[in-house]
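Trainee: based on what follows, work out the 3D shape:
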Amino acid sequence: MRSILFIRRAFFFLLLLILLVSSVVHVSLTQTTFTRHPVDDLVYQHRIDEDRWLRHATVSTTLKLAVKEYEERHHGRKPPRNFDKWFEFAQQRKSVVIDRFDQMEKDIMPFWGLKQQNIRDGLEFLKGQPNIGIIRIADSKASHNKPDDLSHQQILDEIVALISGFARHLPTMEIAINLQERPRVLVPWNEIHQLRTKGSQSGFQLVSGRLGKRENSDIPTENDIGTTKRMRPSDSTRPHIATHQFRQLQALACPPGSSSRIGVNWDVRDFCASCTSLHSKEQFLEDWQVALDPCHQPDISNLHDFYTIPHRFELYQDLLPLFSGSKTASFSDVLIPLSRGGMQQSHDGKTFNQKQDVVMWQGDVEDIPEATHELLHGSHRLRLVHLVQNATAADKIPMLLGIGTGKNSRFRYEDVPILEGNSILPLQISLTGAAEGCKDAKCEFMRNEFGLEPPMTEVDGRYVMVLDTADGPSPNLLPVLRSNSVPILSSIFQQWFTERLMPWAHFIPIDTRYHALHSTMSYFIGLDGRGTLNGRKQITPGRTEDARWIAQEGRKWAEKAIRREDMEVYLFRLLLEWGRIINDNRDSMNFVL
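Mentor: Numbers count the residues shown, from 1 in each chain. Modelled structure (predicted):
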């Protein structure tokens, strides 16, 4: 071989090194191209997931099957007493969801790990707290404690009206209702994990009193969270918690080793790719339920009003029996159906084709909380307005653009000036102010920074963005879902019906960071004939048929599975389960065929 070719070892290694370096440079400089748009796969896959979810939720057609399904899904535990009455009620209300109540099971499971007396003690403590309503069910009737605030009375009246249709089948009980939008039960992860574990064990092993001391050495103690004090039912609570303290308490509710538990995300300038990797497919939000979990997203504490304003209401770190209308995934409130004005019809009679091909959102400056430094730099609503209204020539955003035509068409990411992306897409995003003008410094600042536009008199866009308020989910989600428009949903909150909604099938999900807003809307709206990006004319057609299908599917599903009747069915089952949990004879309060 040496007589034919001889290469010294050092020279051979040098050639290998040159080949390696050149390959790395080539790969880094060559842009990845896609033969299919990722949203194509997301829409297709979630259509399949929607059918699979519905089949799993509607297995039982008879009471016998429903009992069998319940026992199989609860590891042998029998249904609660009067389960047959609930099943008959659900069939009469034509409920399409009979067997799947995952959110409900997750909410109540920790209470199986507490003794009944501890739950009752927690209820007595809540009775003395502000902004708590008490509903009593006795003698086949439901009533409430008639709070002074008229809006609070309306909330309790609505719940009492829902319960009245099935109150005769419920045991005597009292339940505490959170009358504020914000959830308020934030239990450290190690405690709630132990309670869930004990609650799921056969034999229903119970926890007497408070849990023992923390065993994990990496779990912060009370002294690790500054001046914030552990709030026990026997202690006085504090109605105001600073943002940094709230974030520390939020971190305690995450499992050890999670990104949010390890430390604070100090980099508020750069995009956190690792924070989105678990719930995204390329640039686009794929797993909605994972995206709702803040524990792998340490940057989210700087990107939403919920975290960037002080917590103004009482916050409890003990597991208390408090029912709330919404919460984030870290809170332990029990979700209960609350309409808060969101169940009304919002169908203006226009079909999807009759609506304008625009993306719409308008926020009232009066709904923006106090203009603190953290809020102005992290508010999810102000960031959206800034992205569309205040971008500079130097600001860029990655967009997935089409290249080539016909069989040679491909897609690739390009950094596009935000000004160009805003100009080529019909984005109508703005803030509105009072008609008589600004009267305080906050409003004046907003007017100077963003500009305030007159309120939209008619919402007839095909795409309507639905954003959270500072304290909870937007009340506009269900009305938009029923309006033949496509909801563009960006949220961190869960409600009783959240598990019933499927992204890319009932709504278009948008990450709170908005990094995929332009790419997502260019997929549905299309760029053909709208202008140029990066000096190149865009010819990518829009997928209007996909958007129309999502609008129609979302409306049909809301009219089928998120009706007032479905609120009754959900609440009936929840209170049957709850009545068993709090009863001293919980192990014998079973339904047997």
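
Trainee: all helices of the stretch 201-350 of the chain, in order?
Mentor: 243-252, 259-262, 273-276, 288-291, 305-308 (DSSP state H, counting those that start in this stretch).

Trainee: no no, the stretch 401-550 of the chain
Mentor: 418-424, 441-449, 477-481, 517-525, 544-561.

Trainee: what do you get for the stretch 51-200 of the chain?
Mentor: Using DSSP H, counting those that start in this stretch, helices in the stretch 51-200 of the chain cover 63-73, 83-92, 102-108, 116-127, 150-164, 189-200.

Trainee: so what touches the longest one?
Mentor: Same thing as helix 150-164. Applying CB atoms under 8 Å, 6 or more residues apart in numbering, the contact partners of helix 150-164 are 131, 133, 135, 137, 141-147, 170, 177, 179, 336-340, 564, 567-568, 571, 575. Using the backbone N, CA and C atoms, a C-beta is placed for each residue, glycine as well.

Trainee: kindly report the same for the second one.
Mentor: Judged by CB under 8 Å, 6+ apart, the contacts made with helix 83-92 from elsewhere in the structure are 60, 63, 66-67, 70, 98, 165-166, 169, 568-569, 572-573, 576, 591.

Trainee: over to the third one?
Mentor: For helix 102-108, contacts defined as CB under 8 Å, 6+ apart pick out 74, 332-335, 494, 496, 498-499, 570, 573-574, 577-578, 581.

Trainee: if any of the residues you listed are buried, give me the PyMOL selection for them.
Mentor: This is the PyMOL syntax for the buried subset of the contacts of helix 102-108, where burial follows 16 or more other CB atoms under 10 Å:
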select buried, resi 332+333+334+335+494+496+498+499+570+573+574+577+578+581
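
Trainee: list just the nearest of the contacts of helix 102-108 to residue 483.
Mentor: Residue 483 has its nearest neighbour among these in residue 498, at 19.3 Å by CB to CB.

Trainee: show me the contacts of helix 150-164 that map onto strands.
Mentor: Counted as lying in strands by DSSP state E, out of the contacts of helix 150-164, are 133, 135, 137, 141, 142, 143, 144, 177.

Trainee: now, among those residues, which is nearest to residue 190?
Mentor: residue 177 (28.0 Å).

Trainee: distance of the closest residue to that closest one other than its chain neighbours from residue 314?
Mentor: Take residue 177 and drop its neighbours on the chain: the residue closest to it by CB to CB, 6 or more residues apart in numbering is residue 133, 4.2 Å away. Relative to residue 314, residue 133 is positioned 14 Å away (CB to CB, to the nearest Å).

Trainee: for the closest residue to residue 287 other than its chain neighbours, list the residues it contacts.
Mentor: Residue nearest to residue 287 in three dimensions, not counting chain neighbours: residue 279, with 4.5 Å by CB to CB, 6+ apart. If you count contacts by CB under 8 Å, 6+ apart, residue 279 has them with 285, 286, 287, 288, 290, 291.

Trainee: what's the burial count for the residue nearest to residue 177?
Mentor: For residue 133, the neighbour count with other CB atoms under 10 Å is 21.

Trainee: contacts only, for it.
Mentor: 144, 145, 147, 152, 155, 156, 176, 177, 179.

Trainee: report the buried members of the residues you listed.
Mentor: For those, buried by 16+ other CB under 10 Å: 144, 147, 152, 155, 156, 176, 177, 179.

Trainee: for residue 466, give me its contacts.
Mentor: Contacts of residue 466 by CB under 8 Å, 6+ apart are 474, 476, 477, 480, 487, 488, 489, 490, 491, 507.

Trainee: about what we covered before: could you dump the helices of the stretch 401-550 of the chain into JSON lines with mean pLDDT added?
Mentor: Converted to JSON lines, the helices of the stretch 401-550 of the chain look like this (pLDDT from 0 to 100):
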{"stretch": "helix 418-424", "mean pLDDT": "96"}
{"stretch": "helix 441-449", "mean pLDDT": "83"}
{"stretch": "helix 477-481", "mean pLDDT": "95"}
{"stretch": "helix 517-525", "mean pLDDT": "97"}
{"stretch": "helix 544-561", "mean pLDDT": "96"}
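
Trainee: quick one: closest of those helices to residue 242.
Mentor: Short answer: helix 441-449, nearest of those by CB to CB, at 19.4 Å.

Trainee: buried stuff in that closest one?
Mentor: For helix 441-449, using 16+ other CB under 10 Å, the buried residues are 442, 443, 444, 446, 449.

Trainee: low pLDDT regions in the stretch 101-250 of the chain?
Mentor: The model of the stretch 101-250 of the chain has pLDDT under 70 over residues 202-239.

Trainee: the same query, at a cut-off of 80, please.
Mentor: 201-240 (pLDDT under 80).

Trainee: and the gap between residue 96 and residue 582?
Mentor: Counting by CB to CB, the gap from residue 96 to residue 582 is 30 Å.

Trainee: so between these two, which is more surrounded?
Mentor: residue 582 (19 against 15).

Trainee: shouldn't the more buried one be in contact with residue 119?
Mentor: Yes: look at residue 582 against residue 119 with CB atoms under 8 Å: they come within range, at 5.3 Å.

Trainee: what touches both of those two?
Mentor: 111, 321.

Trainee: quick check: ChimeraX command selecting the buried ones in the contacts of helix 83-92.
Mentor: Buried residues within the contacts of helix 83-92, by 16+ other CB under 10 Å, are selected in ChimeraX with:
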select :60,63,66,67,70,98,165,166,169,568,569,572,573,576,591
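
Trainee: circling back: can you redo the helices of the stretch 201-350 of the chain as TSV with mean neighbour count and distance to residue 503?
Mentor: Output for those, formatted as TSV (neighbours: other CB atoms under 10 Å; distance: least, CB to CB, whole Å):
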stretch	mean neighbour count	distance to residue 503
helix 243-252	20	24
helix 259-262	19	22
helix 273-276	16	14
helix 288-291	18	4
helix 305-308	23	20
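
Trainee: nearest to residue 192, out of those?
Mentor: For residue 192, the closest of the helices of the stretch 201-350 of the chain is helix 243-252, at 10.4 Å, according to CB to CB.

Trainee: other SSEs contacting the closest one?
Mentor: Applying 3 or more CB pairs under 8 Å, 6 or more residues apart in numbering; DSSP states H and E, we find helix 243-252 packed against helix 259-262, helix 305-308.

Trainee: distance to residue 465 added to those helices, as JSON lines?
Mentor: Shown next, in JSON lines, are the helices and strands packed on helix 243-252 (distance: least, CB to CB, whole Å):
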{"stretch": "helix 259-262", "distance to residue 465": "26"}
{"stretch": "helix 305-308", "distance to residue 465": "15"}
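
Trainee: turn the ones you listed into TSV, including mean pLDDT and distance to residue 194.
Mentor: What follows is these, written out as TSV (pLDDT from 0 to 100; distance: least, CB to CB, whole Å):
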stretch	mean pLDDT	distance to residue 194
helix 259-262	90	16
helix 305-308	92	27
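
Trainee: before we move on, the earlier item: now the helices of the stretch 401-550 of the chain in a markdown table, with distance to residue 430?
Mentor: A markdown table is the format used below for the helices of the stretch 401-550 of the chain (distance: least, CB to CB, whole Å):
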| stretch | distance to residue 430 |
| --- | --- |
| helix 418-424 | 12 |
| helix 441-449 | 11 |
| helix 477-481 | 17 |
| helix 517-525 | 15 |
| helix 544-561 | 22 |
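
Trainee: which one of those lies closest to residue 245?
Mentor: helix 441-449 (23.5 Å).

Trainee: and residue 553, how far from residue 335?
Mentor: From residue 553 to residue 335 the distance is 24 Å (CB to CB).

Trainee: re earlier: so how do I select the buried members of the contacts of helix 150-164 in ChimeraX?
Mentor: In ChimeraX, a selection of the buried entries from the contacts of helix 150-164 looks like this (16+ other CB under 10 Å):
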select :131,133,135,137,142,143,144,147,170,177,179,336,337,338,339,340,567,568,571,575
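
Trainee: surely residue 496 touches residue 333?
Mentor: No: Residue 496 is beyond contact range of residue 333, at 11.4 Å (criterion: CB under 8 Å).

Trainee: show me where the stretch 251-400 of the chain has its strands.
Mentor: Assigned by DSSP state E, counting those that start in this stretch, the strands in the stretch 251-400 of the chain fall at 280-281, 284-285, 322-324, 334-335, 356-364, 396-403.
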